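> Okay, predicted coordinates and the sequence, questions at the end:
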There are 2 protein chains.
Amino acid sequence: MQIAFLLFHRVTALDAIGPYEVLQRLPNCEVVFVGAQRGEVRTENGKLGLTVDATLDEVPHPEVLVVPGGMGTRPLVKDETILGWIRQVHEASTFTTSVCTGSLLLAAAGLLDGITATTHWGAKDHLEKLGATYTEERVVQHGKIITAAGVSSGIDMALSLAAQLTDPVTAQVMQLYIEYDPQPPYDSGAASKASQAVWDRVEELRVMG
Amino acid sequence: MQIAFLLFHRVTALDAIGPYEVLQRLPNCEVVFVGAQRGEVRTENGKLGLTVDATLDEVPHPEVLVVPGGMGTRPLVKDETILGWIRQVHEASTFTTSVCTGSLLLAAAGLLDGITATTHWGAKDHLEKLGATYTEERVVQHGKIITAAGVSSGIDMALSLAAQLTDPVTAQVMQLYIEYDPQPPYDSGAASKASQAVWDRVEELRVMG
């Protein structure tokens, strides 16, 4: 079972690394980081380099595809090389998934036409312009297509995916291994939960992507 | 404010990337990935490359240090170059932190002598042999030293750290940005919560590190 993670310049690292950490230890699975060219890509702030180990041509039919998000998705929604590869992979995949604004690429490839999907809260309008119907859920599954909300939601998505690829007990082993017993010190992790003071600070910091 | 993430061969990616994603957008902070040599290191399964951008000598006094874990910590508990750098950083740091088995390196450097600390559940005996007293908490803080439990706990640790570096509203903005509103499909993320079936499967899969 081959699990491919798409990488590109200005990717959000945790979108990919959360699911990677959950899925990499599944029995009989092989993970691979794929991109347009082998070599280093940098995250959206340029502060971290990640390595693309295989080109798109070298990974034509992974059973599972994980498409992360990041500012780098914005130019890629018009990149026919990337979109064509996503369509080709999806034709034969067992699961085609996205985290955060990775769903913009699934939508641009035509995979989300007329179905509900999720993305980072800051990109919901963009997602709808590309043909999907945004829903404020953390993980949305339609058959073999799974979209997850912003950044850290990929961990929850991957645990659900792990159970479907193997079984619930094995998925729980992966949860135990990464000690995913979340205890966030605040409850501000969703658009509907953030206070006005938080939204005001978002504006001040201009961190919206 | 410089925030340094230590990288080394056989690091666990999420240990570093979780806190990185929380801390990288803090105002007036600069993140940097540091290691013994510039260039690529590979994660513990070898399946992902991460880039070391600066050597230890180039980052002598970061205000914040984050030491991730991974199987690669095991040889490093006897590596005087790494341990000496950790001691030097800690002398002047604002915060010295670890995630997962990164605490083995803090302990080996002598920073945890006689205090409680945490680590991945699979490494608690090792941590105690190095002079710390293991406690099954997710985040343990003594003054400027913060240790976090396994892998994903670094996200919770970093949110607490973000609030101390800035203020609670800014920390909540970072939580919102990474949409950290955890909804794990199972409740098996701590040693005390895992069922016997899960522990049996852990043995079968030999995923303990």
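That came in fine, so what should we check first?

> Which residue is the nearest non-sequential neighbour of A:T96?
A:H90 (4.6 Å; CB to CB, 6 or more residues apart in numbering or on different chains). For the C-beta atoms, the positions are set from N, CA and C on the backbone; glycine is no exception.

> so where's chain A shaky on pLDDT?
Along chain A, the parts satisfying pLDDT under 70 run over A:207-209.

> could you pull out the strands for it?
A:2-6, A:30-35, A:39-42, A:49-52, A:54-55, A:64-67, A:95-99, A:116-117, A:133-134, A:139-142, A:145-148 (DSSP state E).

> and A:R206, which of these is closest to it?
strand A:39-42 (20.5 Å; CB to CB).

> in that closest one, what's buried?
By 16 or more other CB atoms under 10 Å in any protein chain shown, the buried positions in strand A:39-42 come out as A:E40, A:V41, A:R42.

> Could you let me know which of the residues you listed ends up closest to chain B?
A:E40 (6.0 Å; CB to the nearest CB).

> For that closest one, list each beta-bridge partner.
A:T51 (DSSP bridges).

> contacting residues around A:G69?
Contact analysis of A:G69 by CB atoms under 8 Å, 6 or more residues apart in numbering or on different chains lists A:11-12, A:15, A:98-104, A:119-120, A:123, A:150-151.

> Over to A:V169?
A:V169 neighbours (CB under 8 Å, 6+ apart): B:A197, B:V198, B:R201.

> Please apply the same query to A:L112.
Contacts of A:L112 by CB under 8 Å, 6+ apart are A:S103, A:L106, A:L127, A:L130, A:G131, A:A132, A:I145, A:T147.

> the helices in chain A, which residues?
Listed in chain order, the helices of chain A (DSSP state H) span A:13-23, A:73-76, A:80-92, A:102-108, A:124-129, A:153-165, A:168-177, A:196-205.

> For the spatially closest residue to A:L7 that is not a sequence neighbour, give the beta-bridge partners.
Once flanking residues are discounted, A:L7 sits nearest to A:G35: 4.4 Å by CB to CB, 6+ apart. Counting by DSSP bridges, A:G35 forms beta bridges with A:T55.

> Could you tell me how far A:G35 is located from chain B?
12 Å (CB to the nearest CB, to the nearest Å).

> ditto for A:T116
From A:T116 to chain B the distance is 17 Å (CB to the nearest CB).

> Same question for A:A109.
Taking CB to the nearest CB, one finds A:A109 at 23 Å from chain B.

> That residue is in contact with A:T81, isn't it?
No. Counting by CB atoms under 8 Å, A:A109 does not reach A:T81; the two are 11.5 Å apart.

> higher neighbour count, the two?
A:A109 (23 against 10; other CB atoms under 10 Å in any protein chain shown).

> How about the contacts made by the more buried one?
Here A:A109 is in contact with A:L83, A:I86, A:R87, A:H90 (CB under 8 Å, 6+ apart).

> Over to A:I17?
So A:I17 contacts B:A13, B:L14, B:I17, B:G18, B:L48 (CB under 8 Å, 6+ apart).

> Any chance you could list what contacts stretch A:24-34?
So stretch A:24-34 is contacted by A:1-7, A:16, A:20, A:23, A:50-56, A:58-59, A:62, A:162, A:165-166, A:170, A:174, A:177, B:45, B:47-49, B:205, B:207 (CB under 8 Å, 6+ apart).

> Would you mark the buried spots in that stretch?
In stretch A:24-34, counting by 16+ other CB under 10 Å, buried: A:Q24, A:R25, A:L26, A:C29, A:V31, A:V32, A:F33, A:V34.

> Quick check: the spatially most central residue of chain A vs A:G154, distance?
Nearest to the mean C-alpha position of chain A, counting by CA atoms, centre = their mean, stands A:V99 at 2.1 Å. Note on A:V99: its distance to A:G154, by CB to CB, to the nearest Å, is 4 Å.

> follow-up on the earlier one: closest one of the contacts of A:G69 to chain B?
When the contacts of A:G69 are compared against chain B (criterion: CB to the nearest CB), the nearest one is A:G150, at 3.0 Å.

> residue furthest from the geometric center of chain A?
A:A197 (28.6 Å).

> so how far is B:T118 from the spatially closest residue to it that is not a sequence neighbour?
Leaving aside its sequence neighbours, A:A197 sits nearest to B:V169 (CB to CB, 6+ apart; 5.2 Å). From B:V169 across to B:T118, the span is 27 Å (CB to CB).

> Any chance of the contacts of A:A109 in CSV with neighbour count as columns?
Shown next, in CSV, are the contacts of A:A109 (neighbours: other CB atoms under 10 Å in any protein chain shown):
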residue, neighbour count
A:L83, 18
A:I86, 26
A:R87, 15
A:H90, 17
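
> tell me which of those is nearest to chain B?
Nearest member of the contacts of A:A109 to chain B, counting by CB to the nearest CB, is A:I86, at 20.8 Å.

> hang on, the closest one packs against A:L111?
Yes. Between A:I86 and A:L111 there is a contact under CB under 8 Å: 7.2 Å.

> and stretch A:103-121, C-alpha only, in CSV?
C-alpha atoms of stretch A:103-121 as CSV (Å, rounded to 0.1, in the frame of the first residue of the first chain):
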residue,chain,number,x,y,z
SER,A,103,-8.9,20.8,-0.9
LEU,A,104,-8.5,23.8,-3.3
LEU,A,105,-6.4,21.5,-5.5
LEU,A,106,-8.9,18.6,-5.3
ALA,A,107,-11.7,21.1,-6.3
ALA,A,108,-9.6,22.7,-9.1
ALA,A,109,-9.1,19.1,-10.4
GLY,A,110,-12.9,18.7,-10.5
LEU,A,111,-13.1,16.1,-7.8
LEU,A,112,-15.4,18.1,-5.5
ASP,A,113,-18.0,19.3,-8.0
GLY,A,114,-21.4,19.4,-6.3
ILE,A,115,-20.3,17.8,-3.0
THR,A,116,-19.7,19.2,0.5
ALA,A,117,-16.1,19.6,1.5
THR,A,118,-14.0,21.5,4.0
THR,A,119,-10.8,23.6,4.1
HIS,A,120,-9.1,26.2,6.3
TRP,A,121,-11.7,28.7,7.5
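
> and that stretch, which residues are buried?
A:103-109, A:111-112, A:115, A:117-121.

> same check, this time on stretch A:155-172
So, applying 16+ other CB under 10 Å, buried residues of stretch A:155-172: A:155-163, A:165-166, A:168-172.

> CA-only coordinates of it in CSV, if you can.
Provided in CSV are the C-alpha atoms of stretch A:155-172 (Å, rounded to 0.1, in the frame of the first residue of the first chain):
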residue,chain,number,x,y,z
ILE,A,155,-4.3,14.3,12.4
ASP,A,156,-8.0,13.5,13.1
MET,A,157,-8.5,12.7,9.4
ALA,A,158,-5.6,10.4,9.3
LEU,A,159,-6.8,8.4,12.3
SER,A,160,-10.1,7.8,10.6
LEU,A,161,-8.3,6.9,7.4
ALA,A,162,-6.0,4.6,9.3
ALA,A,163,-9.0,2.7,10.7
GLN,A,164,-10.4,2.3,7.2
LEU,A,165,-7.1,1.2,5.8
THR,A,166,-6.5,-1.3,8.6
ASP,A,167,-8.9,-1.6,11.6
PRO,A,168,-9.9,0.5,14.6
VAL,A,169,-7.5,-1.2,17.0
THR,A,170,-4.5,-0.5,14.7
ALA,A,171,-5.7,3.1,14.4
GLN,A,172,-5.8,3.4,18.1
